Every structure is written in C-alpha cells, then in structure tokens.
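no sequence on hand, only this structure:
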C-alpha cells in the first residue's frame, strides 16, 4: 500500500520511494540517490538522480510554515499555484521555465525538470560571470507572461477566472508586510539594520514622512491592481542561467498584480550585483568590463521590454478601447512608473528588512558594505519619490552611477 495517501513532510529516503512509485522512468531504478538542495525561505527541495541511466528530477514540497520564520503560517496551496503557473508560463514563454512532470495535491509537491547544469543567477553574478543573452531572455519572459495575461489581450471573463484561480492571500501577505510595510515602520520588530547604517536608516527611512506616504500608495496599488499574472518574487535567486539558456523558477508568489512589480524586482537585484562588484572587485579591465555589462543589461531590461511590449501589443491587443491611438504609450508609462517605484522598494527591503541578499551580506569590508547599502538606499528613495521621471534604461543607471560618485570611496 502506498505511504503517500496522506500528507507528511518527506525526507530524502521518502523522496526516493516517492519518485519510484510516481514516475515510470524511475520505477525500476536500483541506484537512486537523493539530496536536499533547497536554500530558500519557504519550501523543501530535493534532487533525485540515477547515475546509471543519467536521469534526474527535482521534487519540491511545500510545508505549512515558512523556513525563514515559524511566524509565517502558510497554505500548502502555493505549490499548486506554482505548478499551474509554470505550465502556463511554458505556453506563453516556451523554454524559459522548467518543465513540470507531476503535481500531487495530497503530498503538496511537484516534480519538475532538473536544472543542475545551470547556475543560480545571483551566485553567478557574485562570481562576476557574464551572460550576453540575459536581458533578451528576461524581457521576452516579462512581456509574454505579463501582457498576454492582461485585459489588453485576454477575454475579460477568462482573465477574471484566472484572477480567481491565482488568489494567493498568504504569500501576498508576506509581500505586503516585508516589502510594503516593515522596512518603513518596523512594527513587527523584525528589521535587521547594519550597525554602520542604523542611525542613517532611522533618520532617512523610518522618519521620512513623504517616503512613507508614497509607499502607502504603492501598497494599496499592489493589493488592488489586478493587472496581469505576475511572478511575484522575480529576483536573481529565482533565475537559473548558463551561456545558452535562461530559466525562471519559483513562481509560488504568483497572483494578479501590477506588472511593474516583476520588472522592478529584476532591476533592483541587478543593482545589488552592481554595488557588490563595485565593492569587491579590484580596479582594472576585468572590473570595467563586468560593470559595463551589468549597466548595459539594466539598460536593456528597460529598453528591450518597452520595444517588445509595444510590438506585442500591436500583435495581440483585443480590447476595443485599448486600440485607441496613443493608449499603449500611456499604459506603458504607468508600468514604467510602477517599475521604478518597485525597484526602490526592493532595494530598501533587502537592506532594512528581514530577508537579506547575499550580494550585500557577503561584502566583508564593513566600510565597503556600509557604502554599498547607502548607495542602494539613496537610489531607492529617488526611484520611489520620482518614479515618473524614469522612462529609459539609461535614466535608471545614471541615478545609480550618480549616487556611487556621491559616496566616493
């Protein structure tokens, strides 16, 4: 009798039995091995492989509390959302997400393509690796998954069915707290401030009334603007890369929200890579080449997105009023404003809030880390308070470079 008829959290030995029972290609495998590889905040991720047959899969299981903190009680329904969204994204942006082989509503897990031949983008960027196709792949993913799931393209009733299907209250609550509230209020006393910047943050983040008002507006937009099916957590830890491939993973935070949330997350995390390189690389040609590539990538993420978005609009638009001349540009500009503001939110929350990024925490020199944080925080405030000024990729990068010059080494 199967042991997988009632939910429990699996360990490595259980996962081996599970894949042999559930997947035909592993049914008769004799030398299966399994290792837990997950380092995320929420789930349990295992790699299972058979060296003799050279086959492998990833098994991802959802628990009912977050690994980052027992304070976060979560519905295991998020793994259903992730499995569904990955399959939809594969239809919309073929080849840019891992294939899903199985979803199990009893064990609250899914089995998907193993991407062990890829590297987590954040790790690769910290190691100063260059991926020439990154901006092209990411902007294709963004345009196809965002515009094609919006009211601009979809039948309104069908779109509303998707809105209903992807209501994700527990994961949205995490974002609403950790991105849109706690970094500015510390009302749950969970913020973690780097000592050299603690006084500055209290004065220029916690005590900035104008900033907090703008963030309040942004929070209510996030909660109410069901614009498109967004990934919801599109940082550089949610992207796998190799020279000829880019794969976006982990859409468990997906729901219908503002498009700019995904684009802004990409931009902010590229900026973390930029300040990391600025702080840790020795001056010279290698550093210049790498930072130039990062800057070009940031410019291209915005500018290629704009071009592909308008091109796709012209091809796919179905909504009668969306066909009005000039409306596409107005719509795009609102997306770019959201993008700038969310870039700022992500920069602040990863420095002030509970969930840090390795790009910053791995900077060993305390003065260099303090400077990197201060650059990000100053840039972030400009993006939030002057969001309507950021209309090109160059405008984003110039603000970053200006603040870097302001905090000269």
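It's in. Just so it is clear, the structure is predicted and the values come from calculations on it, not from any experiment.

from here on, just use CA atoms for contacts and neighbour counts.
Will do.

show me the contacts for the residue most central in space within the chain.
The centroid of the chain falls nearest to residue 234 when counting by Cα atoms, centre = their mean (1.3 Å). Residue 234 makes contact with 248, 251, 262-263, 265-266 under the criterion Cα atoms under 8 Å, 6 or more residues apart in numbering.

nearest to residue 3 among the residues you listed?
Nearest to residue 3 among the contacts of residue 234, counting by Cα to Cα, is residue 251 at 28.4 Å.

how near is that closest one to residue 81?
If you measure residue 251 against residue 81 using Cα to Cα, to the nearest Å, the figure is 8 Å.

ok, now residue 184?
Going from residue 184 to residue 81 by Cα to Cα gives 30 Å.

between the two, point out the one with more neighbours.
Under the criterion of other Cα atoms under 10 Å, the comparison of residue 184 against residue 81 puts residue 184 first, with 27 against 19.

quick one, strands of this protein?
Assigned by DSSP state E, the chain shows strands spanning 32-36, 43-50, 55-62, 100-104, 109-113, 119-120, 228-230, 239-242, 245-248, 255-257.

any chance of these in JSON lines, plus mean neighbour count and distance to residue 212?
Converted to JSON lines, the strands of the chain look like this (neighbours: other Cα atoms under 10 Å; distance: least, Cα to Cα, whole Å):
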{"stretch": "strand 32-36", "mean neighbour count": "17", "distance to residue 212": "41"}
{"stretch": "strand 43-50", "mean neighbour count": "21", "distance to residue 212": "32"}
{"stretch": "strand 55-62", "mean neighbour count": "22", "distance to residue 212": "34"}
{"stretch": "strand 100-104", "mean neighbour count": "16", "distance to residue 212": "41"}
{"stretch": "strand 109-113", "mean neighbour count": "21", "distance to residue 212": "39"}
{"stretch": "strand 119-120", "mean neighbour count": "18", "distance to residue 212": "33"}
{"stretch": "strand 228-230", "mean neighbour count": "25", "distance to residue 212": "24"}
{"stretch": "strand 239-242", "mean neighbour count": "22", "distance to residue 212": "31"}
{"stretch": "strand 245-248", "mean neighbour count": "22", "distance to residue 212": "32"}
{"stretch": "strand 255-257", "mean neighbour count": "26", "distance to residue 212": "21"}
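
can you tell me how far the nearest residue in space to residue 287 that is not next to it in sequence is from residue 351?
Once flanking residues are discounted, residue 287 sits nearest to residue 281: 6.0 Å by Cα to Cα, 6 or more residues apart in numbering. According to Cα to Cα, residue 281 and residue 351 sit 21 Å apart.

then residue 82?
Counting by Cα to Cα - residue 82 and residue 351 are separated by 27 Å.

can you check residue 228 too?
Per Cα to Cα, residue 228 is found 28 Å from residue 351.

many thanks, have a good one.
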